[in-house]
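Student: Sequence first, then the predicted structure, then my questions.
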Amino acid sequence: MEVAIRKMGNSQGVLIPKPILAQVGLEGTADLQVRDGVIEIRAIRRNPREGWADDARRLAVQGADALVWPEVANEGDDEWVW
């Protein structure tokens, strides 16, 4: 797809059609890099567990970190020798 490079303030830019942004999952912010003469725009991939440690500490302070499931054991498990 050929696109026009437009003046935007003191910079220049390209308008990316909404369907293309949706197709690659770009929303809000993106990672922009130049590699081997090619401009790459990628979705920012965050660690899916980002913030878990902070949430765990917050729950512990609130006393909300008790087990949700009671201990689960199968009949005869105490007879196993490991």
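Tutor: Received the coordinates, thanks. Every value quoted in this text rests on a predicted model; they were computed, and no experiment measured them.
Student: For the helix ranked longest in the chain, give me every contacting residue.
Tutor: Criterion DSSP state H: the longest helix present in the chain is helix 52-62. Helix 52-62 is contacted by residues Asp65 when judged by CB atoms under 8 Å, 6 or more residues apart in numbering. C-beta coordinates here come from the backbone N, C-alpha and C atoms, glycine included.
Student: before we move on, what about stretch 31-43?
Tutor: With contact meaning CB under 8 Å, 6+ apart, stretch 31-43 is reached by 16, 24-27, 30, 44.
Student: Start and end of it, how far apart?
Tutor: One end of stretch 31-43 sits 6 Å from the other (CA to CA, to the nearest Å).
Student: Please compute how far that stretch lies from its chain's middle.
Tutor: On the basis of CA atoms, centre = their mean, to the nearest Å, stretch 31-43 sits 19 Å off its chain's mean C-alpha point.
Student: Which positions in that stretch come out as buried?
Tutor: For stretch 31-43, a neighbour-count test (16 or more other CB atoms under 10 Å) marks nothing as buried.
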